[in-house]
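A.B. asks: One predicted model, sequence on top.
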Amino acid sequence: MVTHLNVLERPKLTKPVLIEGLPGIGNVGKVVVEYLIEMLGATKFAELHSSHFPYHVFVGDDDTVDLPTNSFYYWKKQKRGQRDIIILTGDIQSITPEGHYEVVSTILDLCQEHKVKDLITIGGFGVQKIPDVPKVIGAVTDTKLKKKLKKSDVIFSGGNRVGFIVGASGLLLGLGKIRGIEGCCLMGETVGAQPFFTDSKAAKSVLSVINDILKLRLDMAGIDEMTQDMEKAIGKAKEIQSRIIEEMGRGGPAEELRYIG
């Protein structure tokens, strides 16, 4: 198995924070980071490919093909109180447990190269019905991080609601903690029973927290339109991934999609 990092540029960053948003429940993280990339005008500087990703290519409108990819973007702070940011987005996550560990380890290698000391991962938290204003549920690598996040309306439940976090959103925190990188996971309430649903409401709730803690002051008016544009493409990728998982005899995606990703 091979996981390869293709570096396009080596930006000079000052203690950047990593924000991860890969496809998952409600595609909350994916919507948030794609919106951040667009609104900040972030620059791509690296791409990650892995044989742990599904064995297909995407065919574009111009009939050209592209491998499933995780991409890294950077943005340098503009005002006092802001942070340099590395943003991780992508088409897909690993389809194997060992692949998740390998891919996340490669991501953390890049983080350490750029002296990342803290990170924010984003996911969806499955509920039965979408609330008018979705809450943001938090998990942290250290209890000292909770005080600041509570000021931004992040809710902590003492582990009663969140038993575990599946995929990159969880492993980045767990493996990052071993390497001395602190972080939190921000989970927007969304409908967990609809695996191909893309939830702009939950994304807005999470983005509001990120706006506050990183002092970005981004306008969120365009999220709904972006969500509509993204939904078809994300749904197609997740449907292919689900079929592949079923073929591998792991019990299908229904079990895993009940949780957070």
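C.D. replies: Right, received. Where do you want to start? Numbering: from 1, shown residues only.
A.B. asks: Can you list the residue ranges for strands in this protein?
C.D. replies: For the chain, the strands defined by DSSP state E cover 3-7, 17-20, 43-50, 58-59, 65-66, 70-75, 85-90, 118-127, 136-140, 154-155, 182-191.
A.B. asks: Show me how far the fifth one is from its chain's centre.
C.D. replies: Read it as strand 65-66. Averaging C-alpha positions (C-alpha atoms, centre = their mean, to the nearest Å) puts strand 65-66 22 Å from its chain's average.
A.B. asks: now the helices: where do they sit in this structure?
C.D. replies: Along the chain, the segments classed as helices by DSSP state H run 28-40, 97-113, 146-151, 168-178, 200-214, 223-247, 253-256.
A.B. asks: Out of the strands of the chain, which is closest to residue 206?
C.D. replies: Minimum separation from residue 206 across the strands of the chain (C-beta to C-beta) falls at strand 182-191, 4.5 Å. Yep, even glycine has a C-beta here, placed from its N, CA and C like the rest.
A.B. asks: Kindly compare burial across the helices of the chain and name the winner.
C.D. replies: helix 28-40 (a mean of 24; mean count of other C-beta atoms under 10 Å).
A.B. asks: who does it touch, helix- and strand-wise?
C.D. replies: Helices and strands touching helix 28-40, by 3 or more C-beta pairs under 8 Å, 6 or more residues apart in numbering; DSSP states H and E, are strand 17-20, strand 70-75, strand 85-90, strand 118-127, strand 182-191, helix 200-214, helix 223-247.
A.B. asks: Include distance to residue 54 and mean pLDDT when you put these into a markdown table, please.
C.D. replies: Rendered in a markdown table, the data for these read as follows (distance: least, C-beta to C-beta, whole Å; pLDDT from 0 to 100):
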| stretch | distance to residue 54 | mean pLDDT |
| --- | --- | --- |
| strand 17-20 | 19 | 98 |
| strand 70-75 | 13 | 98 |
| strand 85-90 | 12 | 97 |
| strand 118-127 | 20 | 94 |
| strand 182-191 | 23 | 94 |
| helix 200-214 | 24 | 94 |
| helix 223-247 | 5 | 62 |
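A.B. asks: Which among the ones you listed is found nearest to residue 2?
C.D. replies: Using C-beta to C-beta as the measure, strand 70-75 is the one of those that comes nearest residue 2, at 14.1 Å.
A.B. asks: Need the helices of the chain in JSON lines (columns: distance to residue 85).
C.D. replies: As requested, the helices of the chain are exported to JSON lines (distance: least, C-beta to C-beta, whole Å):
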{"stretch": "helix 28-40", "distance to residue 85": "7"}
{"stretch": "helix 97-113", "distance to residue 85": "12"}
{"stretch": "helix 146-151", "distance to residue 85": "17"}
{"stretch": "helix 168-178", "distance to residue 85": "15"}
{"stretch": "helix 200-214", "distance to residue 85": "7"}
{"stretch": "helix 223-247", "distance to residue 85": "18"}
{"stretch": "helix 253-256", "distance to residue 85": "29"}
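A.B. asks: quick one, which of the ones you listed is nearest to residue 15?
C.D. replies: For the helices of the chain, the distance to residue 15 is smallest for helix 97-113, at 11.4 Å, taking C-beta to C-beta.
A.B. asks: what sits against the residue nearest to residue 125 when sequence neighbours are not counted?
C.D. replies: Nearest in space to residue 125, with sequence neighbours left out and distances taken as C-beta to C-beta, 6 or more residues apart in numbering, is residue 187 at 3.9 Å. Applying C-beta atoms under 8 Å, 6 or more residues apart in numbering, one finds that residue 187 lies in contact with 28, 122-125, 136-139, 162, 165, 206, 260.
A.B. asks: what's the answer for residue 205, then?
C.D. replies: With contact taken as C-beta under 8 Å, 6+ apart, residue 205 is in contact with 133, 134, 135, 136, 188, 189.
A.B. asks: how close does it get to residue 211?
C.D. replies: Taken as C-beta to C-beta, to the nearest Å, the spacing of residue 205 relative to residue 211 amounts to 11 Å.
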